[in-house]
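**Q** task: produce atomic coordinates for the following.
(one chain, ligands or ions: 1)
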Amino acid sequence: MLCSSNYSSPQFVNWFNQSWFTTGDHPAKLAPFKGYIAPPLDGIWATAPYLHNGSVPDLESLLNSRLRPKYWSRDFKNPQYNLDTPGWKYGEEYSATNKETYNTTLKGYSNAGHYFGDNLTNDERKAVIEYLKTL
Ligand code: HEM
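**A** Next up, the predicted model:
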């Protein structure tokens, strides 16, 4: 069984080192060691919503926590991806109106933390996002 929280497990290491992550212009190789190994950000532009619980709809709000919606929803029938921000096109709401609304006030659904992008200027944040789009 793959254990997503342990990037040292032989099953995961073997899978990773034979996967598409090891091909292309920037081939990656997973060399395990004891301790936390951050997951790769390859293809991160396409894998919204973000954080472990999918609480943040796009990279712009991941890197600017002031923009993170408390309640948000997206269209599951006609999903729309925003390539600029990049992430899901979402509607901000003011309460958990229905079961498709992501409610960050619920236990385990929080969007708090990872405030590292907050102190960037808008231009710096834009540049980081453009870089992330190339991964
Ligand atoms: C400008 C700098 C940074 C950028 C662009 C960045 C980018 C990202 C992105 C895009 C994710 C979401 C991954 C996903 O949802 O699949 C993420 C998650 C994460 N980052 Fe960063 N990061 C930055 C700085 C940092 C720093 C300084 C640390 C540690 C000190 C860190 C630790 C983490 C951790 C632990 C997660 C997983 C959090 C979770 O899933 O809840 N990041 N980062």
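**Q** dihedrals phi and psi, residue 58?
**A** phi -150, psi 170 (degrees, to the nearest 10).
**Q** beta partners for the nearest residue in space to it that is not next to it in sequence?
**A** Closest residue in space to residue 58, ignoring its immediate chain neighbours: residue 87 at 2.4 Å, by C-beta to C-beta, 6 or more residues apart in numbering. C-betas here are computed from N, CA, C, even on glycine. Beta bridges link residue 87 to residue 58, residue 82, judged by DSSP bridges.
**Q** how near is residue 87 to residue 113?
**A** 17 Å (C-beta to C-beta, to the nearest Å).
**Q** residues touching the residue positioned nearest the centre of the chain, list them.
**A** By C-alpha atoms, centre = their mean, the chain has its centre lying nearest to residue 50, at 2.8 Å. By C-beta atoms under 8 Å, 6 or more residues apart in numbering, the contact set of residue 50 is 56-59, 62, 87.
**Q** same thing but 7 Å
**A** Residue 50 sits next to 56, 59, 62 when contact means C-beta atoms under 7 Å, 6 or more residues apart in numbering.
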